[in-house]
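1. here is a sequence with its predicted model. Questions after.
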Amino acid sequence: MNRTRKHFFSIVMLLIGSALTLQSQTSWHDGNLFPLLGKTCDSTETRYERLPASLKEVSRPPVWHLGKNSSGLALRFRSNSTRISARWELREDVNMNHMTDTGIKGVDLYAWNGQHWQFVNSGRPNGKENEQVIISGMTPLEREYMLYLPLYDGVTGISIGVDSTATITTPVVPFPSRRNPVICYGTSITQGGCATRAGMSYTNILGRMMNREVINLGFSGNGQLDYEIAELMSRRTDAGLYLLDFIPNVNLQQIKEKTARFVEILCQQNQEIPVLLVESITFPHSFYDRYAYNIVEEKNRALKEEFKKLRAAGYTNIHYLSSAELIGLDGEATVDGIHLTDLGFLRMAEKLYHKFCMFVTERP
């Protein structure tokens with residue numbers, strides 16, 4: 001190789017090395033710069049939580065505490081970066097013996113592929129403070145992203161990392177639609193226990209199926225028909241549907257005494273918004289534990305009676321979903337006989353989606 005060719009080759013390699021160095025540098029952008037989906041309102045104590053500050057002295061302490069979990073919240077952004085990273089700080093660094101860390105406190109990245117939201121990769125937590133490259137090696141094309149936040153922990157801050165030479169902006173594609181959001185109220189299953197990652201809770205799956213904002217008001221062990229939550233939901237007069245999935249967290253007396261009042265609060269100023277009452281799933285372990293089976297059956301019957309009474313009282317825009325085959329009959333849809341696996345959440349979301357298609361429409 002003559003001297004000129006060597007010199008040219010050295011310059012080319014230097015330019016390639018410089019480009020790779022620039023690309024390898026990460027530019028960080030505060031999550032506050034981007035739209036956040038999944039909140040009933042913006043008047044929360046901090047950005048990444050679910051209940052308004054006004055409920056702090058009103059709600060039962062466990063409900064208020066669980067409201068600080070970020071289940072259902074998702075950041076939307078657009079970038080042409082070859083890689084996407086995330087930094088996030090957790091409130092508590094929660095651990096549980098029946099749910100993965102990626103579901104409890106990880107983040108979950110999806111991209112719009114022109115037809116639907118497609119899973120990209122998860123950000124795996126390794127402590128209270130986390131930093132991770134979620135995906136790399138991509139071609140530098142403009143893409144729309146949705147980053148789901150943790151299901152069973154809270155986030156005090158989050159930043160998105162992109163190549164220092166890349167752009168990152170607010171989204172251009174108007175999906176998921178924020179018109180007429182679906183608001184889901186319920187239990188640990190509603191909150192997302194025990195999805196392996198944040199995108200696999202049934203509310204987040206539904207959001208992608210419908211391409212519509214879904215707001216998660218699931219409170220683990222505490223979906224007990226608290227009236228202040230009904231009032232909070234009712235203030236979203238633009239809702240497309242109120243879904244009520246509370247049966248596993250209430251007893252017979254609560255069903256009989258509180259269901260009608262909860263629905264009345266929702267419907268007082270919102271007669272045009274459909275309400276869907278959902279029976280408790282039939283827990284697989286209850287096919288052997290007959291005591292548990294009888295309790296669930298009795299509570300579901302009581303819910304059906306309340307539904308009939310509400311219909312008779314003139315609430316014609318109230319609907320009902322039986323537990324029949326809600327998660328399948330093969331017994332393979334739960335982690336512990338109660339909380340759902342990703343398979344269980346997918347089955348439940350599909351049943352709910354088909355039900356929604358019967359009566360959920362966009363309103364002006």
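-> That came in fine, so what should we check first?
2. break the chain down into its structural domains.
-> Here the domain assignment for the chain is 26-169, 177-356, based on automatic domain parsing.
3. just how off-centre is the first one within its chain?
-> Its chain's C-alpha centre and that of domain 26-169 lie 11 Å apart, by Cα atoms, centre = their mean, to the nearest Å.
4. ditto for the longest one
-> Computed by Cα atoms, centre = their mean, the chain-centroid distance of domain 177-356 equals 14 Å.
5. mean confidence score for that domain?
-> Domain 177-356 carries an average pLDDT of 97.
6. thinking again about what came up before, will you turn the domains of the chain into a markdown table that also has mean neighbour count?
-> Backbone N, C-alpha and C define where each C-beta goes, glycine included. Output for the domains of the chain, formatted as a markdown table (neighbours: other Cβ atoms under 10 Å):
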| stretch | mean neighbour count |
| --- | --- |
| domain 26-169 | 19 |
| domain 177-356 | 19 |
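7. adding distance to Glu362, write the ones you listed out as TSV.
-> Shown next, in TSV, are the domains of the chain (distance: least, Cβ to Cβ, whole Å):
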stretch	distance to Glu362
domain 26-169	17
domain 177-356	5
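8. quick one: which of these is nearest Arg363?
-> Ranking the domains of the chain by proximity to Arg363 (Cβ to Cβ) places domain 177-356 first, at 5.6 Å.
9. show me what contacts the spatially most central residue of the chain?
-> Central residue check for the chain by Cα atoms, centre = their mean: the C-alpha nearest the mean position is that of Gly72, 2.5 Å away. The contact partners of Gly72, by Cβ atoms under 8 Å, 6 or more residues apart in numbering, come to Gly38, Arg50, Gly192, Ser201, Thr203, Asn204, Val214, Ile215, Asn216, Gly218.
10. I figured the second one hits Thr44, correct?
-> Yes. With contact taken as Cβ atoms under 8 Å, Arg50 and Thr44 are classed as touching, separated by 7.2 Å.
11. ok, Arg76 - contacts?
-> Neighbouring residues of Arg76 by Cβ under 8 Å, 6+ apart: Phe34, Pro35, Leu36, Leu37, Glu144, Tyr145, Met146, Leu147, Thr170, Pro171.
12. in a helix, Arg179, correct?
-> No. Under DSSP: H, G, I helix; E, B strand; the rest coil, Arg179 falls outside any helix and is assigned strand.
13. nearest spatial neighbour of it, skipping sequence neighbours?
-> Once flanking residues are discounted, Arg179 sits nearest to Glu362: 5.7 Å by Cβ to Cβ, 6 or more residues apart in numbering.
14. ok, Met358 to Thr203 distance?
-> Counting by Cβ to Cβ, to the nearest Å, the gap from Met358 to Thr203 is 19 Å.
15. on that earlier part again, got the phi/psi numbers for the residue nearest to the centre of the chain?
-> When read as degrees, to the nearest 10, the backbone of Gly72 gives phi 90, psi -10.
16. so Met210 makes contact with Tyr353?
-> Yes. If you go by Cβ under 8 Å, Met210 and Tyr353 touch, sitting 6.8 Å apart.
17. overlap in contacts, these two.
-> Contact criterion Cβ under 8 Å, 6+ apart; residues shared by Met210 and Tyr353: none found.
18. would you list every one of the strands in the stretch 251-364 of the chain?
-> Along the stretch 251-364 of the chain, the stretches classed as strands by DSSP state E, counting those that start in this stretch are 275-278, 318-321.
19. so which of those is nearest Ser234?
-> The closest of the strands of the stretch 251-364 of the chain to Ser234 is strand 275-278. By Cβ to Cβ, the value is 10.7 Å.
20. CA-only coordinates of that closest one in PDB, if you can.
-> Extracted in PDB, the C-alpha atoms of strand 275-278 (Å, rounded to 0.1, in the frame of the first residue of the first chain):
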ATOM      1  CA  VAL A 275     -70.700   1.100  32.500                       C
ATOM      2  CA  LEU A 276     -69.500  -2.500  32.400                       C
ATOM      3  CA  LEU A 277     -69.700  -4.700  35.500                       C
ATOM      4  CA  VAL A 278     -67.300  -7.600  35.300                       C
END
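21. that strand pairs with which strands?
-> Sheet neighbours of strand 275-278, with direction, are listed as strand 241-245 (parallel), strand 318-321 (parallel) (DSSP bridges).
22. now render those strands as JSON lines, adding distance to Asn130.
-> Shown next, in JSON lines, are these (distance: least, Cβ to Cβ, whole Å):
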{"stretch": "strand 241-245", "distance to Asn130": "31"}
{"stretch": "strand 318-321", "distance to Asn130": "37"}
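23. of those strands, which approaches Arg91 most closely?
-> strand 241-245 (25.0 Å).
24. what lies in contact with the closest one?
-> So strand 241-245 is in contact with 180, 182-187, 189-190, 218, 223, 233, 262-263, 266, 270, 273-278, 352, 356, 359-360, going by Cβ under 8 Å, 6+ apart.
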